[in-house]
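Undergrad: Model the following, please.
(one chain, ligands or ions: 1)
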Amino acid sequence: MSQIDETHDPARTSWVESANGHPDFPIQNLPLGVFSAGTREPRIGVAIGDMILDLKGASGAGLLDDHWKLALGLSTLNAWFTHGPDDARELRRKLSTLLSDARFRASVEPHLVRAANAERHLPCDIGDYTDFYVGIHHATNVGRQFRPDNPLLPNYKYVPIGYHGRASSVRVSGQPVVRPKGQRKPPDAEAPDYGPSRRLDYELELGIFIRRGNDLGHTIPIGEAANHIAGYCLLNDWSARDLQAWEYQPLGPFLAKNFLTSISAWVVTAEALAPFRKSMPPRPDGDPAPLPYLLDRADQHSGGLGIELAVTLQTAQMRETGLKPHVLSQGQAAAAMYWSAAQIVTHHASNGCNLQPGDLIGTGTLSTAEDTGLGSLLEISQGGKAPIILPGGETRSFLEDGDELTLFARCTAEGAVPIGFGGCTGRILPAN
Ligand code: MN
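TA: Model (predicted):
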């Protein structure tokens, strides 16, 4: 588990003035990402306030450790993620010093780029993407729509459920969402037809980026799993519910999900999250304990993620009439997750499946037990039975063309400077 050190000191400020009091990127955060500015090739950077520090430039200028130069000079984070947690902590210490100590200002400042002038790219070349289903309230809510008396299947409390998604259609926040087409079969129709999805939805999730992986045939013990996690992002698993309902049996999600997955641009590192760890919520009476290979005292004690999640929706009409985005939900990740990130990673590798640096794992939809903390429209509108009414009078059961949806994540804890993830946003375009 990562520890709290001087980089988390709430008294520490940056000479990059926009960082001090910045809602997402104060000096206590220092998330990693990939950006480009002007005609330059994409490169690795660190968000600090309204600026991005170019790590290729800073490394080339001798401001960082020489043996990091190769990995930090590339255009994705994969090679950096092969470095272990010790190097991750050292890089964070070094960056925190360079950006807080005014003596380094003259040498570091030439490598800062205004974030508003930069384009974001995917942080990693994502070799594999897997989506889990650890949101027990989501699993229960969705299960209830299909099986009112028996919403959770008996394996749920033993096995972290997941499926393999499609890595090549993961895109960075801001990319448009083209409405997918597919086979739709309403329950009362005799046969399906093919056309644009009528039940396009989002899923509020966190993404986990793998640091060092495991060799094929080997496993990742639960006590070591945290060392394999580089960091976290927001993830929107866009979902066509009509396609999903018709296609999902017997092999699970397919075309309803793989047309696009959006992630936020910055990897908030495991080290940055140290002050915001929580204990895993106690399992309800009568639930089985995790099997021994998934049970670790330290993980139970601090494997929970103290991350406040929120979702907003702004329709085309709301934009035109100057109405602010409407908050669809707000809730705590820790309260939504039945399995921890470490349990997810350990389970994924428990059969000898190899995880690799830059692999992306989705948690699954993170709904809390409250009606105000639901992570999909499928749940909020009860499958379309209870449309929501938006400011301006429009109603929504699912997403319409022109709708813009944004996921937010923010961490707060007593004695810590709050940090945020930066949004994960997408606007729906009509089907091609
Ligand atoms: Mn999902």
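Undergrad: Run a quick neighbour tally on Gln249.
TA: Using other C-beta atoms under 10 Å, Gln249 has 7 neighbouring residues. For every residue, glycine as well, the C-beta is placed using N, CA and C.
Undergrad: The one 10 residues further on too?
TA: Phe259 has 20 neighbours, counted by other C-beta under 10 Å.
Undergrad: Please list the residues of the stretch 1-150 of the chain that sit near the ion.
TA: By the rule C-beta under 5 Å from the ion, the part of the stretch 1-150 of the chain lying against the ion is Asp131.
Undergrad: the domain parsing of the protein - what is it?
TA: If you go by automatic domain parsing, the domain ranges for the chain are 6-121, 129-429.
Undergrad: As TSV, the ones you listed with mean pLDDT would be great.
TA: As requested, those are exported to TSV (pLDDT from 0 to 100):
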stretch	mean pLDDT
domain 6-121	97
domain 129-429	97
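Undergrad: Quickly note the distance from Ala341 to the ion.
TA: 15 Å (C-beta to the ion, to the nearest Å).
Undergrad: tally of neighbours for that residue?
TA: 26.
Undergrad: Kindly report the same for the one 3 residues further on.
TA: Taking other C-beta under 10 Å as the neighbour definition, Ile344 ends up with a count of 24.
Undergrad: How about the contacts made by it?
TA: 132, 134, 160, 162, 208, 361, 363 (C-beta atoms under 8 Å, 6 or more residues apart in numbering).
Undergrad: Kindly state the beta-bridge partners for the residue nearest the centre of the chain.
TA: What sits nearest the mean C-alpha location of the chain, by C-alpha atoms, centre = their mean, is Leu234, with 2.4 Å. Leu234 has these beta-bridge partners by DSSP bridges: Leu206.
Undergrad: contacting residues for it?
TA: Residues counted as contacts of Leu234 (C-beta under 8 Å, 6+ apart) are 173, 205-207, 263-264, 309, 407-409, 421, 423-424.
Undergrad: Tell me which entries of these lie within strands.
TA: Members of the contacts of Leu234 lying in strands (criterion: DSSP state E): 205-207, 263, 309, 407-409, 424.
Undergrad: you'd agree Pro196 is up against Pro180?
TA: Yes: counting by C-beta atoms under 8 Å, Pro196 does reach Pro180; the two are 7.5 Å apart.
Undergrad: Identify the contacts common to these two.
TA: Shared contacts of Pro196 and Pro180 (C-beta under 8 Å, 6+ apart): Ala431.
Undergrad: can I assume Ala71 sits in a strand?
TA: No: the assignment for Ala71 (DSSP: H, G, I helix; E, B strand; the rest coil) gives helix, which keeps it out of a strand.
Undergrad: I'd say it and Thr82 touch.
TA: Yes: with contact defined as C-beta under 8 Å, Ala71 reaches Thr82; the gap is 7.2 Å.
Undergrad: and these two? which has more neighbours close in?
TA: Between Ala71 and Thr82, counted using other C-beta under 10 Å, the more crowded position is Ala71 (20 against 15).
Undergrad: got the contact list for that one?
TA: Contacts of Ala71 by C-beta under 8 Å, 6+ apart are 79-80, 82-83.
Undergrad: Mind putting those residues into JSON lines with secondary structure?
TA: Formatted as JSON lines, the contacts of Ala71 follow (three-state DSSP):
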{"residue": "Ala79", "secondary structure": "helix"}
{"residue": "Trp80", "secondary structure": "helix"}
{"residue": "Thr82", "secondary structure": "coil"}
{"residue": "His83", "secondary structure": "coil"}
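Undergrad: What subset of those residues is buried?
TA: 79-80, 83 (16 or more other C-beta atoms under 10 Å).
Undergrad: So which of these is the closest to Asp50?
TA: Closest to Asp50 out of those is Trp80 (23.7 Å), distances taken as C-beta to C-beta.
Undergrad: What's the separation between the closest residue to that closest one other than its chain neighbours and the ion?
TA: Closest residue to Trp80 apart from its sequence neighbours, by C-beta to C-beta, 6 or more residues apart in numbering: Ala71 at 4.3 Å. For Ala71, the distance to the ion equals 31 Å [C-beta to the ion].
Undergrad: going forward, begin numbering at 8 instead of 1
TA: Got it, the first residue is 8 from now on, which makes the last one we talked about Ala78.
Undergrad: ok, the residue of the chain found nearest the ion - contacts?
TA: In the chain, the residue that lies nearest the ion is Asp244 (3.4 Å; C-beta to the ion). By C-beta under 8 Å, 6+ apart, the contact list for Asp244 reads 138, 172, 209-210, 212, 264, 268, 369, 372.
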